[in-house]
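> coords below, sequence missing:
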């Protein structure tokens, strides 16, 4: 993952792979977009070093990753006008700190349940229903998060 | 909810009810414990005023609620030694800003899936398996979050 990633854990997939479509790589964190046809505007802010819990980070780094999460959330809100944004740091399966930032819509396949709940309806054109193409959205997200760089 | 709650939304249950067992009430936010037999160490940090999205708050208040979330997480980690802590701000059903802070265990009813996924196994004694009784845990959480008060 580059010379800036100083801490890795053996067997952790987020220590050796981007974890999705790379949107932006910074010194401390990266942003990827997950491949989820039901929830196409699904981003993750991933800490580059291997830590399991958000509070494993010192307070200044906790704030830093949350500022990136806020930038992603604000970009999704501005350009997609979602019904709601969902934020989560779970990591039960891959205990490497990552924040999910997901634009949710009242027409999406699991609304109003969380994206981890069973499907409630079939939606075959979710990506096409977004107000902005994903490639353009990726660029908007990258620009927003990049503006944080010191 | 008291005179300090200056903004309420009609029909919002978190504007008129605590939303669970009240653990601590501060000027800006409160902490409650949810009643979830499968996941007994399930806390929520709820913003007192009615806002839907985390980024509806100005940056200093975003930081303030996250500092409270961190205090809850650190308390659960120290006293329960959970397998993982799950954090989430969803609000699809009740769009009034609240952060879920949930201690997860590799023996719990939905592990390793999120708490919103279907049950994977029956666990009848989850509360009894915690290292600390819930009433004591509530006090520890309250003390930790109260230490933030200016």
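Alright, I've got the coordinates. Predicted, not measured: the structure shown is a model, and the values here were computed from it.
> Now the nearest residue to residue A:71 once chain neighbours are set aside: which helix or strand?
Of all residues not flanking residue A:71 in the chain, residue A:144 sits nearest, at 4.2 Å (Cβ to Cβ, 6 or more residues apart in numbering or on different chains). C-beta here means a position set from N, CA and C on the backbone, and glycine is covered the same way. Residue A:144 is part of helix A:134-146 when elements are defined by DSSP states H and E.
> Identify the residues contacting that helix?
A:21, A:23-24, A:26, A:31, A:33, A:40-41, A:43, A:45, A:68, A:71-72, A:74-76, A:79-80, A:127, A:130, A:132 (Cβ atoms under 8 Å, 6 or more residues apart in numbering or on different chains).
> again, 6 Å this time
The contact list for helix A:134-146 (Cβ atoms under 6 Å, 6 or more residues apart in numbering or on different chains) reads A:23-24, A:31, A:68, A:71-72, A:75, A:79.
> Same question for stretch A:103-121.
A:38-39, A:41, A:76, A:80, A:82-84, A:86, A:102, A:123, B:90, B:92-93, B:114, B:116-117.
> show me the contacts for residue A:61.
No contacts exist for residue A:61 under Cβ under 6 Å, 6+ apart.
> Mind listing what's buried along the helix holding residue A:144?
A:137-138, A:140-142, A:144-145 (16 or more other Cβ atoms under 10 Å in any protein chain shown).
> follow-up on the earlier one: want to try a markdown table for the contacts of helix A:134-146, with secondary structure as columns?
What follows is the contacts of helix A:134-146, written out as a markdown table (DSSP: H, G, I helix; E, B strand; the rest coil):
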| residue | secondary structure |
| --- | --- |
| A:23 | strand |
| A:24 | strand |
| A:31 | strand |
| A:68 | helix |
| A:71 | helix |
| A:72 | helix |
| A:75 | helix |
| A:79 | helix |
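> Tabulate those (TSV), appending pLDDT, distance to residue B:56 and neighbour count.
Shown next, in TSV, are those (pLDDT from 0 to 100; distance: Cβ to Cβ, whole Å; neighbours: other Cβ atoms under 10 Å in any protein chain shown):
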residue	pLDDT	distance to residue B:56	neighbour count
A:23	98	24	22
A:24	97	24	23
A:31	98	22	28
A:68	98	18	26
A:71	98	15	23
A:72	98	15	29
A:75	98	15	22
A:79	98	17	18
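> Spatially, which two of these are the most separated?
Greatest spacing in the contacts of helix A:134-146, by Cβ to Cβ: A:68 and A:79 (16.9 Å).
> can you give me the helices in chain A?
Counting by DSSP state H, chain A has helices at residues A:13-16, A:59-80, A:126-129, A:134-146.
> Just the pLDDT for the residue nearest to the spatial centre of chain A.
Nearest to the geometric centre of chain A sits residue A:44, at 1.6 Å (Cα atoms, centre = their mean). On pLDDT, residue A:44 comes in at 98.
> Neighbours of the residue nearest to residue A:43 when sequence neighbours are not counted, how many?
Excluding the flanking residues, the one nearest residue A:43 by Cβ to Cβ, 6+ apart is residue A:101, at 4.6 Å. By other Cβ atoms under 10 Å in any protein chain shown, 25 other residues sit near residue A:101.
> This completes my enquiry, with thanks.
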